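Pasting the sequence and the predicted coordinates here, then a few questions.
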Amino acid sequence: MKLNDLHPNEGSKKRKKRISRGIAAGQGKTGGRGTKGQHSRTGFGGHLARQGGKLPFYRSLPFMRGEGFTPVNRVEYNVINVGKLADFSAGSEVNPDIFAEKGMLHQKRNPVAILGGGEINKALTVKAHRFSQSAKEKIEAAGGKAELIEK
């Protein structure tokens with residue numbers, strides 16, 4: 001076997017279709033683009049940022065600050081008010097796992113924040129990822145403890 005004997009397998013190489021090279025080529029005249037219109041022109045479709053008259057995304061970014069823009073790394077908390085802690089027996093320890101068992105969490109994977117809505121008159125040890133100032137004061141005034149959990 002010599003180098004001049006080598007050739008690709010049958011059917012592995014396909015010839016490129018030569019469009020717009022005259023009527024004998026089979027794809028002559030309009031070159032398979034049809035007649036007239038935007039689609040028949042070269043450079044059809046515009047550039048990637050073009051959105052057909054709509055303000056392009058990269059130009060709209062400066063307007064996406066403030067209320068209309070949601071930060072990517074925002075932390076959403078499961079919010080529980082102090083008033084809901086009245087359901088638990090006095091002296092017990094309450095943590096996110098117990099809240100999940102009772103069905104008090106909206107999303108189990110999100111951290112828990114205790115807010116100061118409502119009243120509490122039982123001494124509880126409450127463990128959560130975040131406490132509002134008023135919630136902490138109400139829990140401690142009832143004789144309980146508010147303990148932070150590391151995230």
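Great, that's in hand. Predicted model, so just to flag it, every value in this text is computed and none were measured.

wait, residue 57 sits on residue 63?
No. Counting by Cβ atoms under 8 Å, residue 57 does not reach residue 63; the two are 10.9 Å apart. C-beta here means a position set from N, CA and C on the backbone, and glycine is covered the same way.

Let me see the contact set for the closest residue in space to residue 22 that isn't next to it in sequence.
The shortest distance from residue 22 to any non-neighbouring residue, by Cβ to Cβ, 6 or more residues apart in numbering, is to residue 28 (4.8 Å). The contact partners of residue 28, taken as Cβ atoms under 8 Å, 6 or more residues apart in numbering, are 19-22.

which residues of this protein fall in strands?
In chain order, the chain shows strands spanning 78-81, 93-94, 112-115, 125-128, 130-131, 145-148, with DSSP state E as the criterion.

Could you check the pLDDT of residue 90?
As predicted, residue 90 sits at a pLDDT of 88.

With residue 118 instead?
You'll see residue 118 listed with a pLDDT of 91.

What of residue 124?
Per-residue pLDDT puts residue 124 at 91.

if I look at it, how far off is residue 114?
Taking Cβ to Cβ, to the nearest Å as the measure, residue 124 and residue 114 are separated by 11 Å.

Residue 142 now?
13 Å.

And those two? Which one has more around it.
Regarding residue 142 and residue 114, a neighbour count based on other Cβ atoms under 10 Å identifies residue 114 as having more, with 28 against 17.

give the contact list for residue 31.
Shown in contact with residue 31 (Cβ under 8 Å, 6+ apart): 19-20.

Quick check on it: phi, psi?
Reported as degrees, to the nearest 10, the phi and psi values for residue 31 are phi 70, psi 30.

hang on, the earlier thing: going by distance to residue 32, which of the contacts of residue 28 wins?
Using Cβ to Cβ, residue 19 is the member of those that sits closest to residue 32, with 5.6 Å.
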